[in-house]
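K.L.:
quick one: sequence and predicted model below, then my questions.
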Amino acid sequence: MIEAHDLTKRYGSTTAVDDISFTVQPGRVTGFLGPNGAGKSTTMRMIVALDRPTRGSVTVNGRPYAEHRSPLTEVGALLEAKAVHTGRTARNHLRAIAATHGIGTKRVDEVISMTGLDSVAKRRVGGFSLGMGQRLGIAVALVGDPQTLILDEPVNGLDPEGVLWVRNLVKYLAATEGRTVFLSSHLMSEMAVTADHLIVIGRGRIIADGPTDTVIAAATRSTVRVRSPQATDLAARLASRAVTVTPAEDGLLEVHGATSVEVGEIAAASGIVLHELTPMTGSLEDAYMSLTSDSVEYHSAAIPGETRSAGSQATAATPAATTPGEDAR
Ligand SMILES: Nc1ncnc2c1ncn2[C@@H]1O[C@H](COP(=O)(O)OP(=O)(O)OP(=O)(O)O)[C@@H](O)[C@H]1O
């Protein structure tokens, strides 16, 4: 578990991290999102004592990182998004790190296999591609078999197979093995299917902290698509309930202000036949754009005709889950 209290980091006149408090729980993947310069890497560096907080504190598994007798077996971190430039082979690089922490070569061979580096383990790291370097960085993070993992942009530079591998690996480490996984990424579509929980940061401050579904639902407009051969009748009944009904194509209505459960029940109570009942929520990209619109430091120029978000998507027919005390802020 990672616990940050009033964490602040200033570099001269720049406040990179501004009085944030959060908890990263074990057993789930927590995504860390925010625009460029929001303070993600600085926060991650402070967790592993590579940067000293100006104010506040952060602990990993109950203690400050530096107070752990064997930090590498408590927390593994991937913080550099590039390959380690060294003349050592990947296996020797891992063995050297393992040796300084009393970790045996058996574990080195295990992580080489786990990260798909078997065929290149005897190659010099200096010649690694970005993707191979990322895999090696993840192998370094895993070598101490730590309870907590911190991965800054782990899918950066990976091909689609590698991206899928990281997704499945972190889900397995969190859900099956109960580890704490804290990872950042700018790939919203990937984060949406990987993270159970999100912490969104902008200009050093927390903008949202909650289960992924809740964060998305709170920051986007939910709609229900309902198709019926009695659409006119249904629209009239829904309109009397203070919901907004927009007729789309023939027989299709888009309903705002009511859940799919409510729409279904209103239809059933009136004996109206439904051919489709689909709850639609915005995407994580929509939610992210809306949440961070005031926090983006580096704005890009709009491209004529550009659509800035991916639009709504169908969701499972259950309302977004909420966890007490974890409402999106
Ligand atoms: N060593 C440093 N010295 C001075 N300023 C720094 C230093 N490290 C980070 N900063 C500044 O702190 C702010 C937060 O940077 P940080 O790298 O933590 O953001 P980030 O969210 O990780 O961004 P990105 O998504 O671009 O990686 C930025 O304004 C950055 O310029």
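P.N.:
Great, that's in hand.

K.L.:
how about the one helix or strand L149 maps to and the ligand, any contact?
P.N.:
For L149, the host element (DSSP states H and E) is strand 148-152. No. Strand 148-152 stays clear of the ligand (C-beta under 6 Å from any ligand atom), getting no nearer than 7.3 Å. For the C-beta atoms, the positions are set from N, CA and C on the backbone; glycine is no exception.

K.L.:
after that strand, next one along is what?
P.N.:
The C-terminal neighbour of strand 148-152 among helices and strands, as given by DSSP H and E, is helix 160-171.

K.L.:
check which helices and strands that next one sits against.
P.N.:
helix 130-142, strand 148-152, helix 188-194 (3 or more C-beta pairs under 8 Å, 6 or more residues apart in numbering; DSSP states H and E).

K.L.:
ok, residues contacting it?
P.N.:
29, 114, 116, 131, 134-135, 138, 149, 151, 154-155, 158, 181, 183, 187, 190, 193-194 (C-beta atoms under 8 Å, 6 or more residues apart in numbering).

K.L.:
helix, strand or coil: sort out the residue in the stretch 51-200 of the chain that the ligand sits nearest to for me.
P.N.:
Among the residues of the stretch 51-200 of the chain, H186 lies closest to the ligand, at 6.5 Å counting by C-beta to the nearest ligand atom. Assigned by DSSP: H, G, I helix; E, B strand; the rest coil, the conformation of H186 is coil.

K.L.:
pLDDT score assigned to the residue nearest to it when sequence neighbours are not counted?
P.N.:
Closest residue in space to H186, ignoring its immediate chain neighbours: E153 at 7.3 Å, by C-beta to C-beta, 6 or more residues apart in numbering. On pLDDT, E153 comes in at 93.

K.L.:
repeat for R123
P.N.:
90.

K.L.:
what comes up buried for stretch 233-252?
P.N.:
234-235, 237-238, 243, 245, 251 (16 or more other C-beta atoms under 10 Å).

K.L.:
of all the residues you listed, which two lie farthest apart?
P.N.:
Of all pairs drawn from these, the widest gap by C-beta to C-beta lies between V243 and G251 and measures 18.1 Å.

K.L.:
rewinding a little: just checking, which of the buried residues of stretch 233-252 belong to strands?
P.N.:
Judged by DSSP state E, strands contain the following of the buried residues of stretch 233-252: V245.

K.L.:
out of the buried residues of stretch 233-252, which is nearest to G104?
P.N.:
Distances from G104 to the buried residues of stretch 233-252, taken as C-beta to C-beta, are shortest for V243 (63.2 Å).

K.L.:
measure that closest one to the ligand for me?
P.N.:
39 Å (C-beta to the nearest ligand atom, to the nearest Å).

K.L.:
over to E249?
P.N.:
Using C-beta to the nearest ligand atom, one obtains 41 Å as the distance from E249 to the ligand.

K.L.:
checking that residue next. Helix, strand or coil?
P.N.:
Assignment for E249 (three-state DSSP): coil.

K.L.:
can you confirm A268 is in a helix?
P.N.:
Yes. Using three-state DSSP, the assignment for A268 is a helix.

K.L.:
re earlier: may I see the PyMOL selection of the buried members of the contacts of helix 160-171?
P.N.:
Buried residues among these (16+ other C-beta under 10 Å), as a PyMOL selection:
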select buried, resi 29+114+116+131+134+135+138+149+151+154+155+158+181+183+190+194
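
K.L.:
the residue of the stretch 51-200 of the chain closest to the ligand against D152, yeah?
P.N.:
No. When contacts are counted by C-beta atoms under 8 Å, H186 is not listed as touching D152 (11.0 Å).

K.L.:
which of these two has more neighbours?
P.N.:
Neighbours were counted for H186 and for D152 using other C-beta atoms under 10 Å; D152 has more, 21 against 15.

K.L.:
tell me the contacts of the more buried one?
P.N.:
Contacts of D152 (C-beta under 8 Å, 6+ apart): 40-41, 44, 77-81, 183-184.

K.L.:
out of these, which is nearest to G104?
P.N.:
Nearest to G104 among the contacts of D152, counting by C-beta to C-beta, is A77 at 21.0 Å.

K.L.:
need the contact list for the closest one.
P.N.:
Counting by C-beta under 8 Å, 6+ apart, A77 has contacts 44, 47-48, 141, 149-152.

K.L.:
from those, which two are the most distant?
P.N.:
I47 and A141 (12.8 Å).

K.L.:
this structure: helices as residue ranges?
P.N.:
For the chain, applying DSSP state H gives helices covering 40-47, 71-74, 90-100, 105-114, 130-142, 160-171, 188-194, 212-219, 231-239, 260-269, 284-292.

K.L.:
can you pull the pLDDT of E80?
P.N.:
E80 carries a pLDDT value of 66.

K.L.:
oh, that last question was meant for L169, not what I typed.
P.N.:
So, for L169, pLDDT stands at 94.

K.L.:
neighbours around it, how many?
P.N.:
18.
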